[in-house]
Every structure is written in C-alpha cells, then in structure tokens.
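Chemist: sequence plus predicted model, see below.
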Amino acid sequence: MNTSGQHFSTYEKFVIAVLALLQFTVVLDFMVLSPLGAILMPGLGISTSQFGLVVSAYAFSAGASGLCAAGFADKFDRKKMLLFFYTGFVCGTLYCGMVSSYLPLLCARVVTGIFGGVIGSISFAIIADTFAMQVRGRVMGVVQMAFAASQVLGIPVGLYLATHLNWHAPFLMIAACAILIGVIIALKLKPITGHLKEKNDKNAFIHLWHTASNPFYMRGFAATILLATGGFMIMPFSTAFLVNNVLVPETRLSEIFFITGVASIVTGPYLGQLADKQGKFRLFIFGSILSMIMVVIYTHLGPTPLPVVILINIVLYTGISSRMIASSALISGVPEMKDRGAYMGINSSIQQVSGGIAAFVSGLIVYQPSKNAPLQHFDIVGYVTASTMLVTLGMMFFINRQVSKEK
C-alpha cells in the first residue's frame with residue numbers, strides 16, 4: 001500500500017489508469033443515455049416519465065444486484081469479481097445497441113445495471129486496498145476524471161454517432177472499448193487478495209448483516225442517499241432543458257459537453273491534490289456551496305447565448321467534481337478492510353437505488369406539454385437538489401470527524 005504520499009510506483013500508476021478507463025466505460029454507458037433524451041423521446045414516442053423510468057431502470061437493477069453481491073464481495077479475489085461483472089456489463093451494453101423499441105430498451109437497461117452497478121464498488125474497494133488515505137484524494141481525482149473524459153470523448157462522439165447514424169451506435173462504441181479494457185485487466189492486473197487474510201464472517205449473509213447494521217457505517221449510507229439525489233435529479237433532463245428551454249440547437253450540444261469535460265479533466269487532478277493537502281471536508285464544503293448556487297442558476301435559465309451556457313456548465317461541474325472527489329475519498333475511509341467489499345457493495349446499491357428514485361421523481365415533477373415545448377417545473381428540481389446538498393454538508397461533517405479520529 002502506498003503510504004509515502006509522494007510518488008506512485010509504475011504498477012500503481014497502471015492500477016489508477018486502468019480503473020479510470022474502466023470507470024470511463026461504465027459512467028459513459030449511464031451518462032450517454034441522458035444526452036440522448038432529446039433524440040430518444042421523440043424517436044421512440046415516449047413521455048418524460050417513461051424516459052425517467054428508462055434511466056431509473058439501470059439504477060434500480062444495479063442497486064438490487066449490488067446488495068445481493070455485497071455479502072460475497074470480501075470472499076473472493078477482487079480481480080475475479082471485477083472481471084465477472086465487467087463481462088456481464090459488456091453483454092448488457094451490446095443488448096442496448098441491438099434493441100429498437102421502448103420495452104426491450106427498458107429490459108436492456110436492467111441487464112446492464114445488474115452487472116454495471118457492482119463494478120464501481122469493486123473498483124473503490126481496490127483503491128482503498130491499494131492506496132493509503134493520505135494519497136487517496138489524488139487517486140480519486142484521477143479516477144473521477146472518468147466523468148470528465150466521458151464528456152470530452154464519449155458524450156460528444158456518442159451524440160455525433162446518434163445524430164448521424166442512430167441512437168444504437170453509442171452503445172456499440174462503448175461495448176467495443178469495454179472489451180479491450182477487459183482484456184487488459186485480465187492480462188495485467190494482479191490478484192487482489194489482501195482482504196482474504198482478515199478475520200471475517202464465514203457466512204456471506206451474516207457478513208452482509210453485520211456490515212449493514214454497523215452504526216458508523218449507517219451514517220455513510222445515509223450520506224450516500226443524499227449525495228446521489230443531487231446529480232440524478234438534474235442529469236436526465238439536462239439536454240432536453242437546454243434544447244427546449246435554453247434554445248441550444250441539438251447539433252451544438254456536443255460542444256457544451258466537450259468544453260465542459262476538458263475543463264473538468266484539467267481541474268480534476270488539481271482538486272484531488274487540494275483534497276489531500278487542504279482537507280477533504282474543506283473541499284467538500286467548497287464544492288457543495290458552489291454547486292448549490294450554480295444548480296439554482298442553471299435550472300432557471302431561459303434563452304441564453306452558447307458561451308454563457310458553457311461557462312455556467314464549467315463552474316457547475318467544478319463544484320460537482322469537488323463534491324465527488326472529496327466525498328469518495330472520505331467514504332472510502334469509513335469501513336475496515338475486512339468489511340470493505342461488503343460496505344462498498346451496499347453503498348453502491350444505496351447510491352443506485354437513491355439515484356433511480358431521484359430520476360423517477362424528477363420525471364414526475366418535470367413535464368413537457370407538447371413535443372418541442374419548454375420543460376415545465378425544472379426550477380423546482382433545482383431547489384430540491386440544492387436542499388439535499390445543504391443537508392449532506394451536515395452529514396459529511398460527522399463522517400469526516402469520525403474518519404479523522406480512526407485514521
């Protein structure tokens with residue numbers, strides 16, 4: 001485990017890089033669906049609530065599978081667990097690229113979520129097993145760049161393929177990239193078995209119960225619920241809002257995501273270093289305050305010049321990235337090594353289910369009177385999101401205090 005806080009070995013750099021690439025494909029698979037909303041809703045003839053359910057289907061199935069897998073997460077080599085679920089994720093993504101109507105697409109998202117939803121928890125368990133808390137902010141800063149990279153490379157390319165070919169093309173592109181990454185993991189990643197040496201519950205279900213019922217762990221789970229609510233409420237309808245309310249042409253959406261993503265890639269590693277040097281909770285406070293302000297501004301936009309929209313997006317995503325990097329590093333310090341896989345699995349499950357509920361509720365709040373008409377009540381979604389961010393600040397304060405005592 002890296003404890004120097006200064007330099008990473010060649011293999012540690014490889015682990016960081018491969019986990020970032022892996023997260024890129026998983027995050028892109030989820031994120032690319034939201035920008036396709038402006039194409040999918042009229043293309044399949046579905047309503048905002050139906051589209052919200054498509055987005056939520058991934059989250060609900062991911063939450064269920066994450067919970068089922070959590071009890072077994074500390075019983076096997078993490079590399080084998082990662083490869084098993086990543087293979088299923090690839091198959092599910094290919095399925096998404098082959099369907100052509102609403103119900104099959106809904107089923108495809110369920111399949112993808114069953115496998116894809118567990119990958120993040122395994123990845124974060126690997127990070128926590130491999131890197132000490134004092135360097136974990138830097139690691140999370142790089143791995144969380146997957147979100148930015150998915151905007152810079154994935155979402156613009158996905159939108160381009162969807163508008164010039166069809167909406168199936170982005171999913172086929174993701175599957176092709178994922179296959180290559182899976183082969184690299186299988187050949188180069190070393191077995192990760194340090195947790196198997198720790199004394200643990202022999203029965204997987206007892207282990208799951210002991211982890212889920214730990215009072216301190218429950219604080220982390222509660223914080224995760226609210227952390228997920230923020231992003232999932234805004235994300236599914238952001239492109240439809242930009243097209244119909246802000247009057248951004250569909251052909252210019254990729255520019256917004258590309259420039260915002262480049263800015264996030266530049267700031268991501270710096271924010272990670274800032275988290276390690278200045279304190280993870282301090283960065284979380286900064287990110288939360290900035291995000292609350294920008295979410296309210298964003299959800300109240302009317303017709304706006306493209307450069308202003310891009311600037312607002314950059315500032316908003318800087319706040320969101322600060323929250324993600326800081327909270328991921330803090331939450332990774334909550335569980336003991338023997339419970340890490342189970343904790344991350346439960347945490348991921350809660351995150352996915354909470355996000356799914358948030359996306360579905362957002363679809364009920366927002367409505368579109370007619371095709372191409374402005375979305376209504378998106379401002380209410382902004383107020384709800386900002387409120388959850390404020391409450392999360394208080395919850396993360398207690399988590400930070402406890403993690404600081406134990407570490």
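Modeler: Looks like it came in fine. Numbers count the residues shown, from 1 in each chain.
Chemist: which ones are touching residue 124?
Modeler: Going by CB atoms under 8 Å, 6 or more residues apart in numbering, residue 124 touches 328, 332, 344. C-betas here are computed from N, CA, C, even on glycine.
Chemist: and for the closest residue to the second one other than its chain neighbours, the neighbour number?
Modeler: What that stands for is residue 332. The shortest distance from residue 332 to any non-neighbouring residue, by CB to CB, 6 or more residues apart in numbering, is to residue 128 (4.6 Å). Residue 128 has 25 neighbours, counted by other CB atoms under 10 Å.
Chemist: for the host helix or strand of residue 128, what does the pLDDT average out to?
Modeler: For residue 128, the host element (DSSP states H and E) is helix 102-130. For helix 102-130, mean pLDDT rounds to 85.
Chemist: any idea which helix or strand comes after it?
Modeler: Proceeding N to C from helix 102-130, the next assigned helix or strand is helix 133-143, under DSSP H and E.
Chemist: buried stuff in that next one?
Modeler: 133, 135-143 (16 or more other CB atoms under 10 Å).
Chemist: for these, give me TSV that also has pLDDT.
Modeler: Formatted as TSV, these follow (pLDDT from 0 to 100):
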residue	pLDDT
133	75
135	79
136	77
137	79
138	80
139	83
140	79
141	78
142	79
143	78
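Chemist: ok, so of those, who is nearest residue 64?
Modeler: residue 143 (24.8 Å; CB to CB).
Chemist: surely that closest one is in contact with residue 20?
Modeler: Yes - with contacts counted by CB atoms under 8 Å, residue 143 reaches residue 20, the gap being 4.9 Å.
Chemist: ok, then the element right after the helix or strand of the chain with the lowest mean pLDDT?
Modeler: Ranking every helix and strand in the chain by mean pLDDT, DSSP states H and E puts helix 145-149 at the bottom, with a mean of 72. The helix or strand immediately downstream of helix 145-149 is helix 155-164, counting by DSSP H and E.
Chemist: give me the contacts around that following helix.
Modeler: 28, 31-32, 35-36, 39, 169-170, 173-174, 250-251, 253-255, 257-258, 261.
Chemist: which helix or strand lies directly C-terminal to it?
Modeler: helix 169-188.
Chemist: buried ones in the helix or strand following that following helix, by neighbour count?
Modeler: Sequence order places helix 204-212 as the next helix or strand after helix 169-188, per DSSP H and E. Within helix 204-212, the residues that count as buried by 16+ other CB under 10 Å are 204, 207-208, 210-212.
Chemist: what packs against helix 204-212?
Modeler: Packing partners of helix 204-212 (3 or more CB pairs under 8 Å, 6 or more residues apart in numbering; DSSP states H and E): helix 48-70, helix 215-234, helix 340-365.
Chemist: buried sites along the last one?
Modeler: By neighbour count on 16+ other CB under 10 Å, the buried set for helix 340-365 is 340-363, 365.
Chemist: one more: stretch 300-317?
Modeler: Applying 16+ other CB under 10 Å to stretch 300-317 flags 301, 304, 306, 309-310, 312-317 as buried.
Chemist: return the subset of these lying in helices.
Modeler: Using DSSP state H, 306, 309-310, 312-317 are the members of the buried residues of stretch 300-317 that sit in helices.
Chemist: which one of these is nearest residue 290?
Modeler: For these, the nearest to residue 290 is residue 315 (7.0 Å; CB to CB).
Chemist: tell me who's in contact with the closest one.
Modeler: Contacts of residue 315 by CB under 8 Å, 6+ apart are 290, 294.
Chemist: what's the spacing between it and residue 91?
Modeler: As judged by CB to CB, to the nearest Å, residue 315 and residue 91 stand 39 Å apart.
Chemist: which stretch among the helices and strands packed on helix 204-212 comes nearest residue 389?
Modeler: Ranking the helices and strands packed on helix 204-212 by distance to residue 389, with CB to CB as the measure, places helix 215-234 first at 5.4 Å.
Chemist: run the angle between that closest one and helix 204-212 for me.
Modeler: 80 degrees (axes from the mean of the first three to the mean of the last three CA atoms, to 10 degrees).
Chemist: distance between helix 215-234 and the chain's centre?
Modeler: 13 Å (CA atoms, centre = their mean, to the nearest Å).
Chemist: tell me which other helices or strands that helix touches.
Modeler: Against helix 215-234 (3+ CB pairs under 8 Å, 6+ apart) you get helix 204-212, helix 280-299, helix 306-332, helix 340-365, helix 378-406.
Chemist: how big is the angle separating the third one from helix 102-130?
Modeler: Orientation check (the same axes, to 10 degrees): helix 306-332 against helix 102-130 gives 50 degrees.
Chemist: over to the fourth one?
Modeler: The directions of helix 340-365 and helix 102-130 differ by 140 degrees, with the same axes, to 10 degrees as the criterion.
Chemist: re the thing from before, list buried residues within the contacts of helix 155-164.
Modeler: The neighbour count (16+ other CB under 10 Å) marks 28, 31-32, 35-36, 39, 169-170, 173-174, 253-255, 257-258, 261 as buried among the contacts of helix 155-164.
Chemist: which regions of the protein sit below the pLDDT cut-off?
Modeler: 1-6, 34-35, 70-71, 73-74, 147-148, 151-155, 195-204, 230-231, 405-407 (pLDDT under 70).
Chemist: picking up where we left off before, which one of the helices and strands packed on helix 215-234 lies nearest to residue 44?
Modeler: helix 340-365 (14.8 Å).
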